[in-house]
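1. Fold the following, please.
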Amino acid sequence: MATISMRTLAFGVCACAIAAPAFAGGLERGGYNIDLLFDPSDYALEGTATFVMPQRGVHGAVDNPEKSGGSLPGSWSTKADDSENYWSPRIGAKAVIGDFADCMADYSEPWGAHLKPGEWQGSSYNIETEVKSQNYAATCRVKFDVGKGTFSVIGGAFYQEISGFKDRQVISPVALGPAYPSLFSGVGTLDMEGDGWGWRAGLAYEIPEIAFRASLVYNSAVDFDLSGTVDLTSVPAIPTHPVLSIFGGRVVPVYGSVSMPDSVELKVQSGIAPDWLAFGSVKWTDWSQVQTVPFCPVGMSPCVAGVSALNTLDLFYRDGWTVSGGIGHKFNDQWSGAVSLTWDRGTSTVIGTQTDSWVLGSQVIYSPNRNLELKLSGALGLLTSGSSGAGAPCNAGSALPVCGDEATYRFGNDLVAAISTSVKVKF
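-> As a prediction, the model looks like this:
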């Protein structure tokens, strides 16, 4: 087989990068990506910005009046837009260290969510929820000549910050009567933030002559100790209510914890003909460890959903699987292109809208010279239909009341689109 250029090697993996995180499961947005570590240049700097446009809508919502002290106003819609557009940035720098190692440092936003349905028949479940993250990472590989190629041992660490809030209707406007909205809106707000550390380890093998690379990388879980407040100043203190009689009308300091999931990803690519490349990846993410995130008043321990929690984030995820594959072609020394297809298994179980998705991605790369690479990528995908109903027990195996049963609703097949631009300077 004729030699396939290292420039072709670069575009194959990038085609996966635009498709996979377009609307991945759980709270994943940018995810993790260390492809820059394998750039054959001595030094490389790359910046990427991806804009994602999910069009998820929900309908047929029915609230649970037991959760908010009465039915929500009949004028509130049974339909809502359940997703907001978002940006996913990434910037990284890579350098050769001596003759046997490469290292990279990068910034990304791996986790996130923004749901803003507003006032609707599911307001007792959610009016607006937003989660943001920041990830600062350093990763290195040590290389050894083995056979016709190069074997690498990969290791690194990352520091993450996470923050967010959730608004929901704690008390129905109907139950508030004439006190709504001049005195009380009945809306409670959770604000939280935290940080944590993680690490990664992996192996890779490359044969540059045929643009072959196989890599297997494990990213550890990240444990966050969360702190924040639950603002109930817009919710009256109701003497007969077991919780609001104590906390109504107050801003309550709270604490909690969550472990963002570990993951394993296998990536393989190889030249299949002169200037043609095939690539694919399989990733498992342990989202099933993220079920209910309880927030308890400071000083109340232990913090248990359904027992001592003042508020919870109910997710009830299952493990995520992402499978991607595609073909790339180098047209000439300046232009290359690739297409990919990605399937992501939905992580939602009893509640939520994260069902299976199928995403078709494409990418064009323009390299006017050996030091500059410009990329434009796009993706269009299908979000499959489903429903969200009553929740599951707050603690598996217990007889506690269910969590996440504030509302039920349905959703049909929807579209998601994404566009990404990237600039790489190398020398």
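2. How many neighbouring residues does E206 have?
-> Using other CB atoms under 10 Å, E206 is surrounded by 23 other residues. All C-beta atoms are positioned from the backbone trio N, CA, C, and that covers glycine.
3. list the contacts for it?
-> 38, 149-150, 152, 212-213 (CB atoms under 8 Å, 6 or more residues apart in numbering).
4. Against T139, how distant is it?
-> 16 Å (CB to CB, to the nearest Å).
5. Paired strands for the strand or helix carrying V258, with orientation please.
-> In this structure, V258 sits in strand 251-260 according to DSSP states H and E. Paired neighbours of strand 251-260 in the sheet (DSSP bridges): strand 222-231 (antiparallel), strand 292-297 (antiparallel).
6. weakest of those strands by average pLDDT?
-> Mean pLDDT across those is lowest at strand 292-297; the value there is a mean of 93.
7. Only C-alpha atoms, please: export that strand in CSV.
-> Only the C-alpha atoms of strand 292-297 are listed here, as CSV (Å, rounded to 0.1, in the frame of the first residue of the first chain):
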residue,chain,number,x,y,z
THR,A,292,-30.2,11.6,42.4
VAL,A,293,-28.0,14.5,43.7
PRO,A,294,-29.3,15.6,47.1
PHE,A,295,-28.7,19.0,48.6
CYS,A,296,-29.1,19.3,52.4
PRO,A,297,-29.1,22.2,54.8
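8. so how far is the helix or strand just after it off the chain centroid?
-> Going down the chain from strand 292-297, the next helix or strand is strand 311-314, by DSSP H and E. Chain-centre distance of strand 311-314: 18 Å, with CA atoms, centre = their mean, to the nearest Å.
9. Any chance you could list what contacts strand 311-314?
-> If you take CB under 8 Å, 6+ apart as the criterion, strand 311-314 is touched by 129, 166, 188, 190, 230, 254, 292-295, 305, 351, 391, 394, 403-404.
10. The very next helix or strand once past it pairs with which strands?
-> Next along the chain after strand 311-314, taking DSSP H and E as the criterion, comes strand 320-330. Partners of strand 320-330 in the sheet, by DSSP bridges, are strand 276-285 (antiparallel), strand 335-344 (antiparallel).
11. mind checking which of those is nearest S301?
-> strand 276-285 (30.4 Å; CB to CB).
12. residues of the closest one that come out buried?
-> Buried residues in strand 276-285, counted by 16 or more other CB atoms under 10 Å: 276-281, 283-285.
13. Grab the CA positions of it and hand them over as CSV.
-> The C-alpha coordinates for strand 276-285 follow below in CSV (Å, rounded to 0.1, in the frame of the first residue of the first chain):
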residue,chain,number,x,y,z
TRP,A,276,-8.2,7.2,1.8
LEU,A,277,-8.7,6.7,5.6
ALA,A,278,-11.2,4.7,7.6
PHE,A,279,-11.8,5.5,11.3
GLY,A,280,-14.0,4.5,14.2
SER,A,281,-14.5,4.8,17.9
VAL,A,282,-16.4,3.2,20.8
LYS,A,283,-16.9,4.9,24.1
TRP,A,284,-18.5,3.8,27.4
THR,A,285,-19.4,6.4,30.0
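14. how far does it sit from the chain's center?
-> 19 Å.
15. Quick one: mean pLDDT over it.
-> On average, strand 276-285 scores 96.
16. Please renumber the chain so that the first residue is 154 from this point on.
-> Let's use 154 as the start, then, which means that last one is strand 429-438.
17. Adding distance to V370, write the strands paired with strand 473-483 out as JSON lines.
-> Listed next are the strands paired with strand 473-483 as JSON lines, based on distance: least, CB to CB, whole Å:
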{"stretch": "strand 429-438", "distance to V370": "9"}
{"stretch": "strand 488-497", "distance to V370": "18"}
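18. Give me the below-cutoff pLDDT ranges for the stretch 454-580 of the chain.
-> Counting by pLDDT under 70, the ranges of the stretch 454-580 of the chain that qualify are 544-555.
19. Would you mind giving the secondary structure of the closest residue to Q287 other than its chain neighbours?
-> Excluding the flanking residues, the one nearest Q287 by CB to CB, 6 or more residues apart in numbering is E314, at 4.7 Å. Following DSSP: H, G, I helix; E, B strand; the rest coil, we place E314 in the strand state.
20. so E314 touches G265, yeah?
-> No - using CB atoms under 8 Å, E314 is not in contact with G265, being 12.0 Å away.
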